[in-house]
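Undergrad: everything below, folded, please.
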Amino acid sequence: MLLGAGFGRRFGSDKRLAPLGDQTVAETTAAAYANAFKAVRIVLRTEDIALIERMERFGEVVLTDRAHLGMGHTLAAGFSDVSWEWAFVGLLDMPFIATDTLHLLQARATDSEQKIIRPVLRRTLQADQTAPHGHPMGFHRSLFGDLRALAGDQGARSVLRANPKQIEDIELTDTGIVRDIDRPEDLPTS
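TA: Here you go, the predicted structure:
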């Protein structure tokens, strides 16, 4: 599942449609997820007409008119009518994640006894020692009801806080799990 209903105010324009190689930021991210997962759900705002058309080829597009109320509302919309065993929640503005990383996380969920899979950037690679966790985070279906009930702008933090012993941190070397696009200078120049 890819959350793409944010407003990207720091970028100055719609960062999801910013060019990245031969595609846009959103297309690059969605392609990686479509290559790794059997089903992809992309959550967008109802007014994202140009983006909706681009995203339909990568998976199911779910629309929300409540994104302005916060990421919790976007997550809740994404989890409506989901019947998967696991859902990995990524962000549409994180195009640098390796497909191999997505495969690894998915395989780990299959074998995990925990209900949450959380990627962590290996400590020796972190520029910011205070924010080691990345995306996508995996949630077992037993938590989908809690995710559907989210509201506000805290995302899934309340679900993580309520289930600390159910979290399995997976240490990775892929900086794409923490690297997003917030400003134009975050895009590669080549």
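Undergrad: from Thr28, how far off is the closest residue in space to Arg179 that isn't next to it in sequence?
TA: Leaving aside its chain neighbours, Arg179 sits nearest to Phe96 (4.7 Å; criterion: CB to CB, 6 or more residues apart in numbering). For every residue, glycine as well, the C-beta is placed using N, CA and C. Noted for Phe96: a distance of 8 Å to Thr28, by CB to CB, to the nearest Å.
Undergrad: again, but for Arg118
TA: Arg118 is 23 Å from Thr28, by CB to CB.
Undergrad: one step back: okay, now the residue nearest to Arg179: neighbour count?
TA: 19 (other CB atoms under 10 Å).
Undergrad: tell me which element it is part of?
TA: Assigned by DSSP states H and E, Phe96 falls within no helix or strand.
Undergrad: what does Thr29 give?
TA: Residue-wise, Thr29 maps onto helix 25-36 under DSSP H and E.
Undergrad: same question, Asp100
TA: Per DSSP H and E: Asp100 is located in helix 99-111.
Undergrad: show me where this structure has strands.
TA: Assigned by DSSP state E, the strands in the chain fall at 2-3, 19-20, 23-24, 41-45, 60-64, 86-91, 116-121, 137-140, 167-172.
Undergrad: what residues does the nearest residue to Ala26 once chain neighbours are set aside make contact with?
TA: Distance criterion CB to CB, 6+ apart; nearest residue to Ala26, sequence neighbours excluded, is Arg16 at 4.0 Å. Taking CB atoms under 8 Å, 6 or more residues apart in numbering as the criterion, Arg16 is in contact with Gly4, Gly8, Thr24, Val25, Ala26, Leu51, Leu92, Asp93.
Undergrad: got a markdown table for those residues, with pLDDT too?
TA: Listed next are the contacts of Arg16 as a markdown table, based on pLDDT from 0 to 100:
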| residue | pLDDT |
| --- | --- |
| Gly4 | 93 |
| Gly8 | 69 |
| Thr24 | 95 |
| Val25 | 96 |
| Ala26 | 97 |
| Leu51 | 95 |
| Leu92 | 96 |
| Asp93 | 95 |
